[in-house]
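>>> Kindly generate the corresponding structure for this input.
(chains A, B and C)
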Amino acid sequence: MPGESHSADQSPSPTQVASGYVAPETLAEALALLAAGPQRTIIAGGTDLVPAVRAGRHDPAVLVDLRRLGLNTITVEPDRVRLGAAVTFTDVLQSDALAAEYPALSQSAAEVGGPPIRNRATLGGNLVNGSPAADSAPPLLAYDASVVIAGREGEPEVPLRSFFESPGTTVLQPGEILTEVVLPRPTAPTQSAFYKLGPRLAMAIAIVSVAVRVTRDGDGEVAACRIALGAVAPTPLRAEEAEAIIASRGLTVDSIAEAAAVASQACSPIDDIRATADYRRRMVGVLVGRLLTGLSTGDDGRG
Amino acid sequence: MVDYELTINGASRTVATDPRRTLLAVLRDDLGLTGTKEGCGKGDCGSCVVVMDGLAVNSCLVYVGQADGAAITTVEGLASGDELHPLQRQFVDRWAFQCGFCTPGMLMTTYAFLGENAQPTPEEVRQAIAGNLCRCTNYRSIIEAVVAAAGERSPQ
Amino acid sequence: MTSVVGKPAARKGATEIATGKAQFTADLDFPGMLTGALLYATEAPARILRIDTAPARNLPGVFAVLTHDDIPGLNRYTYSHTEDQPLLVSELVQYPGDAIAAVAAVDEQTAQEALGAIDVVLEPIKGIFDPLEALRPEARQVWPDRPNLHEHLVIERGDIEAGFAAATVVVEGEYTTQLIEQAFLEPEGAVATIDVDGTIIVYASCQAPHRDRGQIARALGVFENQVRVITPYIGGAFGGKDEAHVQIHAALLASATGRPVKLIRSREESIRTHVKRHPIRIHYKTGAAEDGRLTAIHVAAIGDTGPYVNAGAEVMGVLAASAFGPYDVPNARIEASTVHTHNPICGAMRGFGIPQGTFACERQMDKLARELGIDPFEIRTRNGLETGATLPTGAVLREGRPMRACLEEAATLSRWHQRAEFARSPAPHLRRGWGVAANIFTVGLGRNTQDSAAVSLEMSADGTAILRTGAADMGQGAHTALAQVAAEELGIELDAVRVVAPDTDLTPDAGPSCASRATFLSGNATRRAAAAIGDSLVRAASRASGRPQDELTLRAGYVHAAGEQLVSVAEVAAVAKEANLPLHSDGFYAMEYPETLPDDAYQYAHQVFTFGTQVAQVLVDIQTGEVTVEELTVVQDAGRVINPGAAFGQLEGGAAMGIGYSLMEQLHTDAGRTINNTLESYLIPTSRDVPPMNVGLVEIPEPFAPFGAKGIGEATLTPTAPAVANAVADAVGISLDHLPLNPERVLAALAGGDPDRP
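Got it, this is the predicted structure:
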């Protein structure tokens, strides 16, 4: 289970560092290790890193394992939920608290790989890889998540919408560690949903993924809307113009159609073996329309 | 080389190795436990699944350094002596494999799964094995074998 | 009445598999064993300007670096009559799966370093990647000394001009099928060692141990009896391990180093190198009378076989010999072209050309049904082959009843005639449809081919038996089925038969495990061997009991006479042994072709056929193009089921592979190089992707078959894709003639766009 600790272990010895693999006991040690030399890389679940090293796409001198840093807890606070970066997708799926308040995140977790992958793959890893198709990115964007970065000069908490830079790159600098994902708790009635269109129904990279959220005011009118898209641009992104249409006009047949059309123009997809850019763009419109319609009618719009 | 303490199928083992070798390589090459298979080497097929501290993991994606101190169960540790685990017996009786290459991984995924869900529905089993590819069956016989093994273990 | 054949029984070796004790090739270990690796071409096509192995040979831990110069014998694979593929290329690289050098080193890392140290200079050549372009007269030639059109086969019967003239309706279509990959879960591998007497022993995950033995001997320049090929457990093959892969290279390395060598392909190497299923373009024209009866067909198929022939011409031949479907066609012209390009090499894959031809044929039948307003089942029934019908190949059908029996069973199981009870459009964006497809499948390699099998069977004085078979069991259950045949014939329990898996020193040649032939041919050979031993048992029992031999039968462990159980087979075996009666026999069977065919018949015309019918119920999302198969009905003619567990496994597994072929599988290439060389990017169905299935077996015993049983391993994926495509066409009212039916292609077709986008 998560949270195991090895109290007998000492601080990393030079031998361990020389072996190319260290599992420090504290965040300070981890940061010091990362700072102590070039080509030092963090390993959490390893589901992306291990095959990348094997394929020669990565050749780190020292791997710093985060597993003893206690970053695998989900903490519900009055105004926010804090998810340690080493929380796995299995942890996400098994959390009733997350399922209740952040159903789109739970739904996305169910679409990550298969169960053995979800037992190892971490939320932090999914984000720091900077994949435009990261399954967790659209729901986290839709929930206005931010990430906490240790070892960073200045403000450690960065909104997720400013985190991604380009395929494979984020604002995370060498020597920094993403330690937490922070989700603000809803203060008003909120509905949300996620859909992944993939080339098969499990173990697949998304062709398009979409998460939507609407929050209503005391009169039941839409007060805020979030529409986040995956696999259709160099980074996961929010379709802010489309969000504004729903936020100002509510969920009507017309506003949904317009928001869907605007969202499909907000993306800049590419052709690859899974789909063409044109198909992806059209599917953004279809899926945004469906998910918003689902929220307006009360079903989740995923069927 | 670093010494790692692992509990393999209930027995303590010390393995002196490079921490960045995979658990799969250590199991197969150092410990001679070749029941665990490599089908792709990158987590796409599930043939290498073992149970690590109660969870099914792709052993090709775990460095032995990450497994330090862990309790590992492999397909070799499933039976008690000559007595097959109910999952093994049901897989045998129900033709839940043809070539058998995916079977060790399939058994270990479902073994861990039954630890979390003792009485699964067929649909739950279908979801649980979605990370384990089988090219010979249509998964129907596997799903039925798992449900039958669950029924055998804790009859309603 | 049988007591073992047709009864449930676990797979031979099942317990060893389930406990992890079963050894597959990669699990073998020998003292001093080296790791082998192959250097594959980085560019193709290309001319080799230089190969310098010295830097690699000088690395510590490297024991051998071989190139074409180091092959003592023939530097050729020998699957086909055209032996055009070198083991290690000397001059002309034709595809990225070509090996240039082989190394043996102390471990994997050193082997990889050695590969990296070999200096190869290649000069790229312009390639040709479109088979239609390759057929143009001015096209660049893949081979300087022979044309790109390797073979143009024509099968012709009757007069198609007259047939089309007599037709009320003519439908015509252009169909394409995609390049796909077997994706067996165990990548290819071999371990070679040298015995004390110099015999080369090769353990290989393979389908054709005796053919491999011959290939290894020729490459080493030794006699076949100096090579021994043994099959460990085999992790699937589906045709992809029919041709030799790394076993010859492993033998060359062991021979060069004097040490055991293990050579296992990575998944990426596996997908990059071995033969694939042919992408085929088929033009199909069908004429029919008002009542739906076929009057003529004209089929023109162009198969892209890649640079090497391999089994390409044979695949196209089988396509041609089955493209008429399970229908009585009075006038037919079928043309099949095998074309060279620089795309991946294609050869054997489960179905061997028949899935592609069936896709076109069955789409045509649905178009005809629609055009004439006839129910899709009805038009198939009206045209169904009957016993005694002459096929376009010239062969006369010996048993035709299963064709209609499959259709009837499939209509019942799928509740075809109750489908109006379902909503056609359960949601505004969803459309439901149903499709049927029937097929004919050929068993065996065909007339005028080497198509025989031998087994060796021996009973001990305690009544147990050992069956030695050279037929590889890749998971399909052949060994279990053969053991059941032996047990039935000897009158003993299945557990009393142990099977010795292929070992060319111990087991006689059964030919390759392909063409759905293992159960039929080796089954007949086993029956013959068992009958000879049974004769000894009956003679011994007759002497012991005083009853005449013709009153005695062997069943379920006992000798019976007139319903009375006399004495156990074990006791009789002891008596027979004591009396010096033979309890060992080899059995041999060659495919029988009792009828003489007319002079103009297809020279390889098959004589044994299976039939099948599948029905798909689909939901099409007209906004995303996603196709969901809600239910698949799979009915297969088995002649006779020997083992129900194995038979259902083959039916369901074949259909699951058919679902992959229908909806998602596609190996993409860029200038001949495969792009999606992983199981993350080459997608086969997961447990979430396979629909619920209704499975039915039709049992009408086949003349000449062992207990009437025919091979069913390949046939069952054949009707899936056309059934799904027919269902999608039924759901949305447009024609879908190109595989796979991925969401984007379906959506493009719905929008009236070009559905032929690759």
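>>> Would you list the phi and psi of the residue lying closest to residue C:469 once chain neighbours are set aside?
Of all residues beyond its chain neighbours, the one nearest residue C:469 is residue C:455 (5.0 Å), with distances taken as Cβ to Cβ, 6 or more residues apart in numbering or on different chains. Quick note: C-beta positions are derived from backbone N, CA and C, even for glycine. Phi and psi for residue C:455, reported as degrees, to the nearest 10, are phi -140, psi 170.
>>> Longest helix in chain A, please.
Taking DSSP state H as the criterion, chain A has its longest helix at helix A:277-297.
>>> Distance from it to the middle of the chain?
Taking the mean of its C-alpha atoms, helix A:277-297 sits 20 Å from the chain's own mean (Cα atoms, centre = their mean, to the nearest Å).
>>> wait, does that helix make contact with chain C?
Yes. In terms of Cβ under 8 Å from any Cβ of the partner chain, part of helix A:277-297 sits within range of chain C, namely A:279, A:282, A:283, A:286, A:287, A:290.
>>> Can you list the buried residues in that helix?
By neighbour count on 16 or more other Cβ atoms under 10 Å in any protein chain shown, the buried set for helix A:277-297 is A:279-296.
>>> average pLDDT for it?
Confidence for helix A:277-297, expressed as mean pLDDT, is 97.
>>> for that helix, packing partners?
Helix A:277-297 makes packing contacts with strand A:190-197, strand A:208-216, strand A:222-230, helix A:253-266, helix C:743-750 when contacts are defined by 3 or more Cβ pairs under 8 Å, 6 or more residues apart in numbering or on different chains; DSSP states H and E.
>>> give me the residue from chain C nearest chain A.
residue C:688 (3.8 Å; Cβ to the nearest Cβ).
>>> That residue and residue C:728, how far apart?
Here residue C:688 is placed at a distance of 20 Å from residue C:728 (Cβ to Cβ, to the nearest Å).
>>> Look at the two and report which has more neighbours.
Taking other Cβ atoms under 10 Å in any protein chain shown, residue C:688 and residue C:728 do not tie; residue C:728 has more neighbours (29 against 16).
>>> So that one sits against residue C:620, correct?
Yes. Counting by Cβ atoms under 8 Å, residue C:620 is a contact partner of residue C:728 at 5.7 Å.
>>> tell me, what's touching these two both at once?
Residues touching both residue C:728 and residue C:620 (Cβ atoms under 8 Å, 6 or more residues apart in numbering or on different chains) are C:433, C:627, C:746.
>>> Was I right to think the first one contacts residue C:731?
Yes. Contact between residue C:433 and residue C:731 holds when scored by Cβ under 8 Å: they sit 2.7 Å apart.
>>> shared neighbours of these two, anything?
What both residue C:433 and residue C:731 touch, as defined by Cβ under 8 Å, 6+ apart, is the set C:618, C:620.
>>> List the residues that contact residue C:176.
Residue C:176 neighbours (Cβ under 8 Å, 6+ apart): C:279, C:280, C:281, C:282, C:737, C:738, C:739, C:756.
>>> Among these, which are located in helices?
Going by DSSP H, the helices hold none of these.
>>> Looking at those residues, state which has the most neighbours.
residue C:280 (29 neighbours).
>>> Quick check: bridge partners of that residue?
Beta-bridge partners for residue C:280, by DSSP bridges, are residue C:303.
>>> Save the contacts of residue C:176 as JSON lines, and put in pLDDT too.
Below are the contacts of residue C:176 laid out as JSON lines (pLDDT from 0 to 100):
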{"residue": "C:279", "pLDDT": "98"}
{"residue": "C:280", "pLDDT": "98"}
{"residue": "C:281", "pLDDT": "98"}
{"residue": "C:282", "pLDDT": "98"}
{"residue": "C:737", "pLDDT": "96"}
{"residue": "C:738", "pLDDT": "97"}
{"residue": "C:739", "pLDDT": "98"}
{"residue": "C:756", "pLDDT": "41"}
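>>> Can you add distance to residue C:11 and give the residues you listed back as a markdown table?
Listed next are these as a markdown table, based on distance: Cβ to Cβ, whole Å:
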| residue | distance to residue C:11 |
| --- | --- |
| C:279 | 34 |
| C:280 | 34 |
| C:281 | 40 |
| C:282 | 37 |
| C:737 | 39 |
| C:738 | 38 |
| C:739 | 32 |
| C:756 | 43 |
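>>> For whichever residue of the stretch 1-150 of chain A sits closest to chain B, which non-adjacent residue is closest in space?
Residue nearest to chain B within the stretch 1-150 of chain A: residue A:114 (1.7 Å; Cβ to the nearest Cβ). Computed as Cβ to Cβ, 6+ apart, the closest residue to residue A:114 that is not its neighbour in sequence is residue B:131, at 1.7 Å.
>>> Let me see the contact set for the one you found.
A:113-118, A:202-203, B:46, B:49, B:58, B:109, C:686.
>>> and if you look at residue C:686?
So residue C:686 contacts A:114, A:200, A:201, A:202, A:203, B:130, B:131, B:133 (Cβ under 8 Å, 6+ apart).
>>> can you tell me the helix or strand for the residue nearest the centre of chain B?
Computing the C-alpha centroid of chain B and ranking residues by Cα atoms, centre = their mean puts residue B:108 first, at 2.3 Å. In the assignment (DSSP states H and E), residue B:108 maps to helix B:103-116.
>>> Next: residue C:483.
helix C:478-490.
>>> Let me see the mean pLDDT of that helix.
So the average pLDDT for helix C:478-490 ends up being 97.
>>> So it, near chain B or not?
No. Using Cβ under 8 Å from any Cβ, helix C:478-490 stays clear of chain B, coming no nearer than 9.6 Å.
>>> tell me which strands and helices that helix is in contact with?
Against helix C:478-490 (3+ Cβ pairs under 8 Å, 6+ apart) you get strand C:452-459, strand C:465-469, strand C:497-500, helix C:523-545.
>>> and the nearest residue to residue B:40 once chain neighbours are set aside, how many residues sit next to it?
Of all residues not flanking residue B:40 in the chain, residue C:267 sits nearest, at 4.4 Å (Cβ to Cβ, 6+ apart). Residue C:267 has 22 neighbours, counted by other Cβ under 10 Å.
>>> Correct me if wrong: residue C:267 contacts residue B:43.
No. Judged on Cβ under 8 Å, residue C:267 makes no contact with residue B:43 at a distance of 11.3 Å.
>>> Tell me which helix or strand in chain A has the weakest average pLDDT.
Least confident helix or strand of chain A, by mean pLDDT, DSSP states H and E, is helix A:14-19 with a mean of 79.
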